[in-house]
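Participant: could you work out the structure for the sequence below:
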Amino acid sequence: MNRRHFLRSVAAVSAVGLAEIAPWQAVSALASEVDNFVRGPAIKDHPLRQLSKHVWMIYSPDGFPTPENQGMMCNLTFIDTPKGLVAVDTGASVQIGEMAIRQIKKTLNKPVIAIINTHYHGDHFLGNQAFVEAYGDLPIHAHAGTIKEIAGMQGNMWRTLMEQWTNQATVGTRIVAPNIAVDHGQELKFGDVTLRLHHYGKAHTPYDICVEVVGDKLTCIGDVAMDRRIANMDDGSYAGSLKAYELLEKNAASTIWLPGHGEPGAGVLAWNRGMFEGIYESCIKAVEAGQPMDAAKALVLKDARITSRAKDTKGFESNIGKYVSLAYLEAEAAAF
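Facilitator: Coordinates of the predicted model:
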């Protein structure tokens, strides 16, 4: 039965049972019924990989959502503690969250006891639903600004966008917003495992939380930096990101930087620093010289830091114009 026929059947059956209740109750009940039973297909399994003593990840090979990958575009992280597992970001759909739960049950066989959402972009929080359905009400930690955005416009916007980008593969996902506000310097302790939280102002978004696994020399950086992909900077700041890299290196002292997109490693921040400096510093030069945005783009494309990275950067050709324009506007604003 396809989705359209299923919806017709649900509507027909529900109309009989709901005929004697108020119209608003009927609509609410039907919406709940449809949400519970109409879902996109299950996503294929992606294996867990151990990165350090306490940290495991499910790697996403793709950086952008498509119908083929069903929105699987973000790395999912699980921190193994004596109390249970802490999930850092949960994926772009309930289906991705359910896939992750299958993997941790096979490999770790521990319950998830808490979630941390690094920021409010949908590929990092829309999987929350699966974990709450599997493990009950969970503490879901995020910056207060992230909680407000997910509970507001960003939550519904990202759910709709994911359905569009994946040709409805993520349908059935509902928004489960974080419920505990956290901020810079806070520590979450789970037995002998301590998670130290870092927030250095506007970077990828105004409210990014990075999660240092103290003792493992590993920090989950969300989308503050990515591996061979330019982060979406629509909500961010180049200058703020460069500041965040400096402070993370100083205060988190990690040998593994685990990004939301791409492979973890020691050089993730350094790679992003070179890319962002090449873009932003070129735009500053253009602004100071009174040159237009086209001239700034030409400077960017000639910069050695950009030419050395362009070939290996996912989506470079299709996105570099947009990222230069954002950097140019930021450089203009900084000049006044």
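
Participant: domain parsing for the protein?
Facilitator: Structural domains annotated on the chain: 48-266, 275-334, as defined by automatic domain parsing.

Participant: for those domains, which one ends up most surrounded?
Facilitator: Burial of these is given as mean neighbour count (mean count of other CB atoms under 10 Å); domain 48-266 ranks first at a mean of 21. Any C-beta I mention is one placed from the backbone N, CA and C, and that applies to glycine too.

Participant: if we can go back for a sec, dump the domains of the chain to JSON lines, plus mean pLDDT and distance to Ala42.
Facilitator: Putting these into JSON lines (pLDDT from 0 to 100; distance: least, CB to CB, whole Å) gives the following:
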{"stretch": "domain 48-266", "mean pLDDT": "97", "distance to Ala42": "6"}
{"stretch": "domain 275-334", "mean pLDDT": "96", "distance to Ala42": "26"}
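
Participant: out of these, which gets nearest to Pro41?
Facilitator: domain 48-266 (6.5 Å; CB to CB).

Participant: can you get me the start-to-end distance on that closest one?
Facilitator: One end of domain 48-266 to the other measures 20 Å (CA to CA, to the nearest Å).

Participant: which residues does stretch 182-195 contact?
Facilitator: Under the criterion CB atoms under 8 Å, 6 or more residues apart in numbering, residues 54, 79-84, 86, 113-114, 116, 141-144, 196-200, 209, 211-215 lie in contact with stretch 182-195.

Participant: hmm, I was thinking of stretch 163-179
Facilitator: Contact with stretch 163-179 is made by 3, 35, 38-41, 43, 65-67, 69-71, 92-95, 115, 117, 125-126, 128-129, 132, 139-142, 146-147, 150-151, 155-156, 159, 162, as judged by CB under 8 Å, 6+ apart.

Participant: cutoff 7 Å now
Facilitator: The contact list for stretch 163-179, computed with CB atoms under 7 Å, 6 or more residues apart in numbering, reads 35, 38-41, 65-67, 70-71, 92-95, 117, 126, 128-129, 132, 139-142, 146-147, 150-151, 155-156, 159, 162.

Participant: do stretch 299-314 as well
Facilitator: 63, 228-230, 274-275, 277-279, 282, 285-286, 316, 324.

Participant: and Gln129, that's in a helix?
Facilitator: Yes: if the criterion is DSSP: H, G, I helix; E, B strand; the rest coil, then Gln129 is within a helix.

Participant: surely Asn319 touches Ala231?
Facilitator: No: look at Asn319 against Ala231 with CB atoms under 7 Å: they stay out of range, at 10.2 Å.

Participant: if we can go back for a sec, in strands only, show me the contacts of stretch 163-179.
Facilitator: If you go by DSSP state E, these have Ile140, His141, Ala142 in strands.

Participant: which among those gets closest to Glu246?
Facilitator: Closest to Glu246, out of all of the ones in strands among the contacts of stretch 163-179 and judged by CB to CB, is Ala142, at 23.7 Å.

Participant: what secondary structure does the residue lying closest to the closest one once chain neighbours are set aside sit in?
Facilitator: Distance criterion CB to CB, 6 or more residues apart in numbering; nearest residue to Ala142, sequence neighbours excluded, is Pro178 at 3.7 Å. With three-state DSSP as the basis, Pro178 sits in coil.

Participant: related to what we said a few turns ago, got the ones in strands among the contacts of stretch 163-179 as CSV, with distance to Pro259 columns?
Facilitator: Listed next are the ones in strands among the contacts of stretch 163-179 as CSV, based on distance: CB to CB, whole Å:
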residue, distance to Pro259
Ile140, 21
His141, 19
Ala142, 18
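
Participant: the contacts of stretch 182-195 in strands, which ones?
Facilitator: Reading strands off these with DSSP E, I get 79-81, 84, 86, 113-114, 116, 141-143, 196-198, 211-213.

Participant: ranges for the strands of this protein?
Facilitator: 48-50, 55-58, 76-81, 84-88, 112-116, 140-143, 180-182, 187-190, 193-198, 210-213, 218-222, 256-259.

Participant: neighbouring strands for the third one, and are they parallel or not?
Facilitator: Neighbouring strands of strand 76-81 in its sheet, by DSSP bridges, are strand 55-58 (antiparallel), strand 84-88 (antiparallel).

Participant: now for the longest helix along the chain, which elements pack on it?
Facilitator: Longest helix in the chain by number of residues (criterion: DSSP state H): helix 268-288. In terms of contacts (3 or more CB pairs under 7 Å, 6 or more residues apart in numbering; DSSP states H and E), helix 268-288 is packed against helix 238-251, strand 256-259, helix 293-302, helix 304-310, helix 316-334.
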